[in-house]
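Q: got a predicted structure plus its sequence, pasted below:
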Amino acid sequence: MAEPSPKEAGKPARKRIKLLAVIAAVICLFSGLLPPIQRGWKQLYALVGLGPSVSQTFSITFLDVGSADAAILYSPECAILVDGGTYDCGPELYRRLLHMGIDHLDLVVNTHPDKDHLGGFSQVLSHLSVEEYWEPELPKELIPETEEYRLVREALKESQTPIQTVSAGDCATFGEVTIQVLSPAVSAADTNNNSLVLKITYDGRSILMMGDAEEKQEETLLSKELACDVLKVGHHGSNTSSGEEFLAQALPEYAVISAGKNRPPDERVLERLEKAGANIFRTDTQGDITLTIENGEILVSSENIK
């Protein structure tokens with residue numbers, strides 16, 4: 001019988017070493033020798049060489065959360081969550097953040113307090129440290145009385161996360177990442193048209209995130225610098241948003257729509273986006289969509305586009 005080669009003979013030993021390392025790391029984690037759970041998994045994975053592949057450049061992933069919204073922005077300088085989907089999305093959202101090696105969020109943004117945009121925040125806030133939470137300022141009559149909103153307020157209070165109400169003109173910088181608030185400048189009569197509209201720039205490229213802003217709010221933006229490389233389409237591709245005049249100024253190269261299979265984007269919106277020259281990506285047909293910016297170039301991938 002032939003003797004195994006040194007390379008083959010070393011495989012079982014390496015497997016045993018890795019297994020013992022995993023066991024040791026788990027024991028350390030739960031015995032308090034490693035940091036608490038929100039930081040421990042990342043360090044546990046790194047310790048045994050099983051860490052997730054974390055991008056060393058800018059990326060934004062628009063998650064497939066059905067007829068809801070959630071996006072994870074990551075760069076070496078920051079990790080940011082914009083909207084949190086429904087309450088049912090919470091566990092998966094938390095799992096995705098951990099898988100990406102994110103154990104701390106520099107910023108959480110709630111574009112507006114509809115339950116399909118903030119529901120999952122309560123679970124994220126309960127498990128991860130968050131530097132700051134942004135939300136629009138709303139008239140008292142528009143503040144929701146939903147269970148989802150109540151749970152988020154409780155989680156914010158318990159985690160002692162600083163809350164900032166922001167509006168047009170506010171801005172934050174994280175290394176090379178800049179986030180500008182373009183709207184709202186004044187309060188509207190409904191939550192959709194009080195959405196925080198964000199312009200995110202990195203390496204000369206820009207992403208315009210519309211929340212659930214409808215044409216009424218788009219009209220207030222026409223005096224702004226709307227030109228963008230990527231448009232996160234407003235209100236899940238509903239016909240109430242993405243008006244022709246707005247798109248003529250934005251002129252995005254890429255348009256991303258977060259929609260559910262039971263509520264696909266309106267065909268009229270798709271036609272307007274195509275007329276504006278946008279390459280359209282949809283979570284209802286393509287799953288999670290990730291845009292990476294590297295050396296000034298935008299790369300797009302999804303579960304159905306590699």
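A: Arrived safely. Numbers count the residues shown, from 1 in each chain.

Q: thought residue 194 was touching residue 142, still the case?
A: Yes - at 6.8 Å, residue 142 counts as touching residue 194 under the criterion of C-beta atoms under 8 Å. For the C-beta atoms, the positions are set from N, CA and C on the backbone; glycine is no exception.

Q: tell me which of those two has more neighbours.
A: residue 194 (26 against 16; other C-beta atoms under 10 Å).

Q: show me the contacts for the more buried one.
A: 112, 136, 138, 142, 184, 187, 188, 217 (C-beta atoms under 8 Å, 6 or more residues apart in numbering).

Q: and residue 77, by the same measure?
A: Here residue 77 is in contact with 174, 175, 176, 177 (criterion: C-beta under 8 Å, 6+ apart).

Q: also residue 255?
A: Neighbours of residue 255 in contact, by C-beta under 8 Å, 6+ apart: 230, 231, 233, 273, 278, 279, 280, 281.

Q: the third one and residue 239, how far apart?
A: Read it as residue 233. Counting by C-beta to C-beta, to the nearest Å, the gap from residue 233 to residue 239 is 11 Å.

Q: same question for the second one.
A: Taking C-beta to C-beta as the measure, residue 231 falls 16 Å from residue 239.

Q: between those two, which is the more surrounded one?
A: Higher neighbour count among residue 231 and residue 239: residue 231, with 27 against 15, using other C-beta under 10 Å.

Q: and for residue 233 and residue 239, which residues touch both?
A: residue 269.

Q: filter the contacts of residue 255 down to the buried ones, ChimeraX style.
A: Applied in ChimeraX, the following selects the buried portion of the contacts of residue 255 according to 16 or more other C-beta atoms under 10 Å:
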select :230,231,233,273,278,280,281
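
Q: among the contacts of residue 255, which are in strands?
A: Secondary structure from DSSP state E places 230, 231, 279, 280, 281 of the contacts of residue 255 in strands.

Q: in contact with the second one, which residues?
A: When contacts are counted by C-beta under 8 Å, 6+ apart, residue 231 is found next to 207, 208, 210, 250, 252, 254, 255, 256, 278.

Q: the residue nearest to it when sequence neighbours are not counted and residue 119, how far apart?
A: Nearest residue to residue 231, sequence neighbours excluded (C-beta to C-beta, 6 or more residues apart in numbering): residue 252, at 3.7 Å. The gap separating residue 252 from residue 119 is 28 Å, by C-beta to C-beta.

Q: quick one: least confident helix or strand in the protein?
A: Taking mean pLDDT, DSSP states H and E as the measure, the chain has helix 37-47 as its least confident helix or strand, at a mean of 42.

Q: list the helices and strands whatever helix or strand comes next after it packs on?
A: Of the helices and strands lying after helix 37-47 in sequence (DSSP states H and E), the nearest is strand 58-62. On a contact count with 3 or more C-beta pairs under 8 Å, 6 or more residues apart in numbering; DSSP states H and E, strand 58-62 meets strand 70-75, strand 289-294.

Q: which of those sits most buried?
A: Neighbour counts (mean count of other C-beta atoms under 10 Å) averaged over each of the helices and strands packed on strand 58-62 peak at strand 70-75, with a mean of 24.

Q: strand 58-62 and that strand, what's the angle between them?
A: Interaxial angle of strand 70-75 relative to strand 58-62 (axes from the mean of the first three to the mean of the last three C-alpha atoms, to 10 degrees): 170 degrees.

Q: just checking: what are the partner strands of strand 70-75?
A: Strand 70-75 pairs in its sheet with strand 58-62 (antiparallel), strand 78-84 (antiparallel), by DSSP bridges.

Q: right, and residue 301 touches residue 290 too?
A: Yes - in this structure, residue 301 is within contact of residue 290 by C-beta under 8 Å, at 5.2 Å.

Q: residue 156 is in contact with residue 149, isn't it?
A: No - taking contacts as C-beta under 8 Å, residue 156 lies outside contact range of residue 149: 10.7 Å.

Q: just the helices in the stretch 201-306 of the chain please.
A: 215-219, 244-250, 267-275, 283-286 (DSSP state H, counting those that start in this stretch).

Q: perfect, I'm done here.
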